[in-house]
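Trainee: model this:
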Amino acid sequence: MTLSCQTQAGQNVAPLLVLASASPRRIALLEQIGLTPDRVLPANIDETPAKGEVPRVYAQRMAAEKARTVASTLGEPALVLAADTVVALGRRILPKAEDRDTARFCLERLSGRRHTVLTSVVVAPTASWVSGRYGARLVETAVTFSRLTPYQIDALLDAGDWSGKAGGYALQGHAAGFIRALSGSASAVIGLPLFETAQLLRGQPGGWLA
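Mentor: Take a look at the predicted model:
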C-alpha cells in the first residue's frame, strides 16, 4: 500500500522509503517481505562505543543515530529505516571483522559458547512528513556455536564471508554449519528483524504493508 501526504500546494506525494544502510543483506531481507527502498543512503556516523556502554544501549543508540542523521539530510517526505546489529558476549561488544585477525579473534571466543545478537531497528520520518511516526524495536537472539577446532576456524576464515560482519561470522554463510542452536529471530541475526520491521511499517499512517 502506498502512503501519501499533503504538500503546501495541496498535492499528494508518496513518502519515500529510505534505507540508511548499504548492506545487501538488509536490502534482500526487505525484498523478502515485498519492499524495495526508494533510496539507499548509508549514514556516516562515528560507531565507536562509548566508555562503559553496554551492548543493548549501544545497538539502540547506533540505529537511532543512523535514522536521524539520514532523515535530517532529506528535504522531502520520507521514512528512514535504520538498523544496527551487535554481537555480545555478556557485556562485551565483539568488533565488526574488517580483517582476518579480527575474525579469528571473534571466532575463537565464540567457539563452544552461547552469545547474544542484538539488532535494533528504527523508523524515523523526515520533518516534511508530519504524519509519519518515529518507532523503534530491539530484538535479542541467543546463538550457540559448537566447539570449533583450529582447522575449522581456518576453513571459516578461508571462506571469506566473515568480512564486515559483527562477531566475524554470517548466519547465512559457512558458519551456519557450526551453529548448534538459535533462539529468537534468524533474520535479526542476518541484519534486520523482519517481523518487527513489518510491524513498525504497518504502524505508519495508512499502513505501509498489508
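Trainee: switch to C-alpha atoms for all contacts and neighbour counts from now on
Mentor: Fine.
Trainee: by mean pLDDT, flag the weakest helix or strand of this structure.
Mentor: strand 5-6 (a mean of 46; mean pLDDT, DSSP states H and E).
Trainee: now do the SS call for Tyr151.
Mentor: helix (DSSP: H, G, I helix; E, B strand; the rest coil).
Trainee: against Asp158, how distant is it?
Mentor: 10 Å (Cα to Cα, to the nearest Å).
Trainee: with Gly135 instead?
Mentor: From Gly135 to Asp158 the distance is 40 Å (Cα to Cα).
Trainee: low-confidence bits of this structure, can you list those?
Mentor: Low-confidence segments of the chain (pLDDT under 70): 1-13, 207.
Trainee: hmm, 90 instead?
Mentor: For the chain, the stretches with pLDDT under 90 are 1-14, 205-210.
Trainee: just the helices in the chain please.
Mentor: For the chain, applying DSSP state H gives helices covering 24-32, 55-72, 100-110, 150-159, 186-190, 194-202.
Trainee: Leu89 bridge partners, please.
Mentor: Arg92 (DSSP bridges).
Trainee: what about it, how many residues close to it?
Mentor: Leu89 has 17 neighbours, counted by other Cα atoms under 10 Å.
Trainee: Ser120 now?
Mentor: 29.
Trainee: contacting residues for the closest residue to it other than its chain neighbours?
Mentor: Closest residue to Ser120 apart from its sequence neighbours, by Cα to Cα, 6 or more residues apart in numbering: Leu138 at 4.3 Å. Residues in contact with Leu138, defined by Cα atoms under 8 Å, 6 or more residues apart in numbering, are 60, 118-121.
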